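J.: no letters, just coordinates:
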C-alpha cells in the first residue's frame, strides 16, 4: 500500500489539470475574528474538550483509510496526534466514541456547541453564506453539470448541517430538493429561523442511521468473469479477470461486511451491460452507433464475446424495486434479460438499422488482453423476478432504436473517430 501511495502521488504531481477547492481566507479571518478576541475563553473550552477526548479508548487505525496508526508526531493539550503516511489524514490518537460526541454536540440540547457557530445578526449570517458556502455550492453545481446531471432534479442532504449555512447556499444557487440533518437542537431551530422554513431536521446521534432506510450498492456482471455455467445466478463464483472486476468484488465484500458487522441496510445490484440514451462513447453500443452514423466502417475489438444487454429504464426500475422492498437488505440481485448476443452480431444488427453497407473491422488496439477477456455473460434473473417482481420490458431491438435516435440527435456529444478507453 505504501508503494501504491507513492505511485499515486508521483502520478498526480505531474497532472496540471487537477481541480482543487479551498475556503477563501479573508472572509474566514473576518467571520472567525472571535478566535482572536475571545482567545482565552476558547482556549479554556479547547482544553476541556481535550481532557474528555484523552479519556477515550486509544485509536488503532486511521479514521480515514483504516490503515495502522503510526507513532505520534506531536502533542497538544496532552492529546497526541499522528499523520497517516498512506492518506495524509491527521488523527487524534483517541476514538470519537458516542460518549465523546454527545458531550460536544448534544449536551444541553447542543446549546454550548451551537454558540460557536452562529450569530443572531441576519446580515452576518448571509455574509457567512455568501463568502464561504456559496463558492462551495456553485462548485458542486458546476461539477455536476459538467457530468451532464440535471441538478434541479437531484436531492441534496447535508448530514451535520449545523446552522444551515450550506443548506442556505444550495437553495440560493437554484437547487430545489435540499434538506439537512443536525444533532444540536439549538442549531436546528436557529437554522430554520434564518432560512424562514423547516429545511433542517433534528436527529440525535443515536438515531442518525434512521435517515437512511436502504443503501443500494451497485456492482457489475463483470465480477463473474467468463461464465463457468449459464445462465449465471447469484451463486456463480466471482472471478477478477481485470482490475475493474477486482475493485468491484472488493466493494461488494465491503458492503457485505458492513451488513454482517453493523446491520447496515445495504443491498447489492449486479446489472448486466446497461445501455440506452446518454450512455458515454466508451461503451460498445454508442461506439458502434456513432461510427455507423458517420462512416462506412465500424472498428471494434473482439467480436466473439457474448453479453446480456439490459435497457437503462429497466435497470432503473430494478433499483427502485430493490430500494422499496425491505426484504432485499443483505441480498444480491442479478439484473439482466436472460438473453445473449455476440459483439459481432450486435454490430450487424445496429448496422442493419443505420447503414447496411457498413463493414465491421477488428482492430488489435481495441482488444482486451487474452486472459482478461470475459467470453460470455448471460444473466439468470429468476431471483429478481420471484423476490421483487422485476422483469425486463424493453427488448434489444426497441432499446437500440431508442439509443440510435438519441445519438443521432446529439452527435455533438460524441467523438466520431476517437477510440475512447
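T.: Happy to help now that I have it. The structure presented is a predicted model; accordingly, all values stated were derived computationally and were not measured. Residues are numbered from 1 along each chain as shown.

J.: packing partners for the lengthiest helix in the chain?
T.: Identified as the longest helix of the chain according to DSSP state H is helix 243-262. Applying 3 or more Cβ pairs under 8 Å, 6 or more residues apart in numbering; DSSP states H and E, we find helix 243-262 packed against strand 215-218, strand 266-271. C-beta here means a position set from N, CA and C on the backbone, and glycine is covered the same way.

J.: okay, the ones you listed in TSV with distance to residue 393 next?
T.: Output for the helices and strands packed on helix 243-262, formatted as TSV (distance: least, Cβ to Cβ, whole Å):
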stretch	distance to residue 393
strand 215-218	20
strand 266-271	15
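
J.: most tightly surrounded among these?
T.: strand 266-271 (a mean of 22; mean count of other Cβ atoms under 10 Å).

J.: now that strand: mean pLDDT?
T.: For strand 266-271, mean pLDDT rounds to 97.

J.: nearest spatial neighbour of residue 215, skipping sequence neighbours?
T.: Nearest-residue entry for residue 215: residue 266, 4.3 Å, with adjacent residues in sequence omitted and distances by Cβ to Cβ, 6 or more residues apart in numbering.

J.: from residue 390, how far off is that neighbour?
T.: From residue 266 across to residue 390, the span is 18 Å (Cβ to Cβ, to the nearest Å).

J.: can you check residue 290 too?
T.: Distance from residue 290 to residue 390, counting by Cβ to Cβ: 30 Å.

J.: residue 51 too?
T.: Residue 51 is 55 Å from residue 390, by Cβ to Cβ.

J.: cool, residue 271 as well?
T.: 11 Å.

J.: mutual contacts of these two, please.
T.: Common contact partners of residue 271 and residue 390 (Cβ atoms under 8 Å, 6 or more residues apart in numbering): 318, 335.

J.: circling back to that earlier point, out of residue 51 and residue 390, which sits in the more crowded spot?
T.: residue 390 (22 against 12; other Cβ atoms under 10 Å).

J.: okay but the more buried one is in contact with residue 381, surely?
T.: Yes - the pair residue 390 / residue 381 is scored as a contact, 7.2 Å apart, by Cβ atoms under 8 Å.

J.: shared neighbours of those two, anything?
T.: Common contacts of residue 390 and residue 381 (Cβ under 8 Å, 6+ apart): residue 335.

J.: re earlier: compare the helices and strands packed on helix 243-262 and give me the one nearest residue 225.
T.: Of all the helices and strands packed on helix 243-262, strand 266-271 sits nearest to residue 225, with 12.7 Å by Cβ to Cβ.

J.: what residues does the closest one touch?
T.: Under the criterion Cβ under 8 Å, 6+ apart, residues 214-221, 223, 234, 252, 255-256, 258-259, 310, 315, 318-319, 322-323, 328-336 lie in contact with strand 266-271.

J.: got a PyMOL select line for the buried ones in those?
T.: Entered in PyMOL, the line below selects the buried ones among the contacts of strand 266-271, by 16 or more other Cβ atoms under 10 Å:
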select buried, resi 216+217+219+220+221+223+234+252+255+256+259+310+315+318+319+322+323+328+329+331+332+333+334+335+336
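
J.: ok, residue 181 touching residue 159?
T.: Yes - contact criterion Cβ under 8 Å: residue 181 and residue 159 qualify, at 5.4 Å.

J.: quick one: which of these two has more around it?
T.: residue 181 (19 against 12).

J.: count of neighbours near residue 157?
T.: Residues lying near residue 157 (other Cβ under 10 Å) number 15.

J.: apart from its neighbours in sequence, what residue is nearest it?
T.: In this structure, residue 157 finds its nearest non-sequential neighbour in residue 179, 5.5 Å apart by Cβ to Cβ, 6+ apart.

J.: contacting residues around that neighbour?
T.: Shown in contact with residue 179 (Cβ under 8 Å, 6+ apart): 155-158, 167, 199-201.

J.: let's see 10 Å
T.: Taking Cβ atoms under 10 Å, 6 or more residues apart in numbering as the contact definition, residue 179 lies against 155-158, 161, 167, 170, 198-201, 211.

J.: and what of residue 227?
T.: Counting by Cβ under 10 Å, 6+ apart, residue 227 touches 221, 236, 239, 306, 340, 374-378.

J.: please redo it, this time with the cut-off set to 7 Å
T.: Contact analysis of residue 227 by Cβ atoms under 7 Å, 6 or more residues apart in numbering lists 376-378.

J.: pick the one among the residues you listed closest to residue 175.
T.: Distances from residue 175 to the contacts of residue 227, taken by Cβ to Cβ, are shortest for residue 377, at 38.3 Å.

J.: could you give the number of residues near the closest one?
T.: Residue 377: 24 surrounding residues under other Cβ under 10 Å.

J.: and it, how far from residue 408?
T.: Residue 377 is 28 Å from residue 408, by Cβ to Cβ.

J.: now swap in residue 48 and tell me
T.: According to Cβ to Cβ, residue 48 and residue 408 sit 67 Å apart.

J.: and for residue 86?
T.: For residue 86 relative to residue 408 (Cβ to Cβ), the value is 48 Å.

J.: more neighbours: which of these two?
T.: Counted by other Cβ under 10 Å, residue 86 and residue 408 do not tie: residue 86 has more neighbours, with 17 against 12.

J.: distance of residue 404 relative to residue 339?
T.: For residue 404, the distance to residue 339 equals 19 Å [Cβ to Cβ].

J.: who has more neighbours out of those two?
T.: A count of neighbours by other Cβ under 10 Å puts residue 404 above the other of residue 404 and residue 339, at 20 against 17.

J.: is it fair to say the more buried one lies in a helix?
T.: Yes - according to DSSP: H, G, I helix; E, B strand; the rest coil, residue 404 belongs to a helix.
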